[in-house]
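Engineer: Pasting the sequence and the predicted model now:
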Amino acid sequence: MIVAGRDRTVSSLGTVAIALLLIVAVLVPAAGAAAAAEENGRVETEELPAPDGAAEESAPRSSPASKPVVVLDPGHGGGDPGETGAAGTREEDVVLDIALRTAELLADGFEVILTRREDVALTHEQRANEANYRDADVFVSIHLGASSAVSANGVGVFVSSGTMTTPAGRTIASRTGQNGQTENRRLAEQVASSIHASTASTVRGIHTAPCRVLEGLTMPAVLVEAGFVTNPVEEELLAGESYRQTRAEGLAEGIRAFLASDR
Ligand SMILES: [Zn+2]
């Protein structure tokens, strides 16, 4: 305000006092053209912009496309710690952290639902029902491996040996012709491949096994064992953030690739 007052004093001309009512952007070009267009009282009308309202009215109003729904299921929790390593690392804590990291990585393009975000107990049915109810596009249950052979290590991916019998399961079956197992295996291969690409650890392959949490699901689903907590070296790594993060990155990329090729 002080600077503006000084400018007005220096200018000092009577005509400029009127021009103070105009903004600088209008004043400068108008003054420059004044001599040539002196008699034309309509000059200023040519500088009027188009009404802002017109552009706003023409903005598209289509509703945003719904995002694919991804359900991540951290295993165990709520009094069920899962497997515990010799150093005390608990499966329930590690898999929850990996799931939360995976969810964050997928948040920009997907609706990500976690069956649990804290240390609570859930039945297999509750986990599956959540995914079915939300009509998820993919379900990934996250666990750790355990073995009496302490040398066992690496990542395993499992598909259920059960068959889908729900109406939506039959929809998948009609698309693949194999009770959804083709889709399950394709998801498993994407996840295994992406985890292998993002981590230095062994990928132990894709296995078909009874997995209660995967039975009754109506969408492509896998169970991932993200490492062996019974292997002392891997347990120490699983207790650290960077190892969990690389597994989350592999999982997220696998899910992303699967859904991209599914559409
Ligand atoms: Zn487990």
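Structural biologist: Sure thing, it's come through. Residues are numbered from 1 along each chain as shown.

Engineer: For the rest of this, base every contact and every neighbour count on C-alpha atoms.
Structural biologist: Noted.

Engineer: May I ask you to name the longest helix in this protein?
Structural biologist: For the chain, the helix reaching the highest residue count under DSSP state H is reported as helix 241-262.

Engineer: What is it packed up against?
Structural biologist: helix 91-106, helix 181-198 (3 or more C-alpha pairs under 8 Å, 6 or more residues apart in numbering; DSSP states H and E).

Engineer: Between the ones you listed, which one is closest to T115.
Structural biologist: T115 sits nearest to helix 91-106 of all the helices and strands packed on helix 241-262, at 9.8 Å, using C-alpha to C-alpha.

Engineer: distance of A103 from V233?
Structural biologist: Distance of A103 to V233, given as C-alpha to C-alpha, to the nearest Å: 26 Å.

Engineer: Looking at the two, which is more packed in?
Structural biologist: Neighbours were counted for A103 and for V233 using other C-alpha atoms under 10 Å; A103 has more, 23 against 13.

Engineer: now A131, nearest residue through space, not along the chain?
Structural biologist: In space, and not counting its chain neighbours, A131 is closest to V71: 6.1 Å by C-alpha to C-alpha, 6 or more residues apart in numbering.

Engineer: Mind telling me what element that neighbour is part of?
Structural biologist: strand 69-74 (DSSP states H and E).

Engineer: outside of that strand, which residues touch it?
Structural biologist: Around strand 69-74, the neighbours that count as contacts under C-alpha atoms under 8 Å, 6 or more residues apart in numbering are 92, 95-96, 99, 103, 110-116, 127, 131, 134-143.

Engineer: again with stretch 133-144
Structural biologist: So stretch 133-144 is in contact with 68-75, 83, 91-92, 95, 99, 131, 213, 218-229, 255, 259, going by C-alpha under 8 Å, 6+ apart.

Engineer: Any of those residues buried? List them.
Structural biologist: 68-75, 83, 91-92, 95, 99, 131, 213, 218-229, 255, 259 (16 or more other C-alpha atoms under 10 Å).

Engineer: In three-state terms, how would the residue lying closest to V229 once chain neighbours are set aside be classified?
Structural biologist: Nearest residue to V229, sequence neighbours excluded (C-alpha to C-alpha, 6+ apart): E235, at 4.6 Å. Counting by DSSP: H, G, I helix; E, B strand; the rest coil, the backbone at E235 sits in helix.

Engineer: need the contact list for E235.
Structural biologist: Contacts of E235 by C-alpha under 8 Å, 6+ apart are G85, A87, T89, F228, V229.

Engineer: Can you give me the separation between it and V191?
Structural biologist: Look at E235 and V191: by C-alpha to C-alpha, they are 22 Å apart.

Engineer: do the same with V69
Structural biologist: Distance from V69 to V191, by C-alpha to C-alpha: 17 Å.

Engineer: Tell me which stretches of this protein form strands.
Structural biologist: 69-74, 111-114, 138-145, 155-160, 203-209, 221-228 (DSSP state E).

Engineer: circling back: what subset of the contacts of strand 69-74 is buried?
Structural biologist: Using 16+ other C-alpha under 10 Å as the burial test, the contacts of strand 69-74 include 92, 95-96, 99, 103, 110-116, 127, 131, 135-143 as buried.

Engineer: ok, E234 - contacts?
Structural biologist: N153, G227, F228.

Engineer: okay, the residues you listed in TSV with pLDDT and distance to H207 next?
Structural biologist: Shown next, in TSV, are the contacts of E234 (pLDDT from 0 to 100; distance: C-alpha to C-alpha, whole Å):
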residue	pLDDT	distance to H207
N153	94	15
G227	95	15
F228	96	16
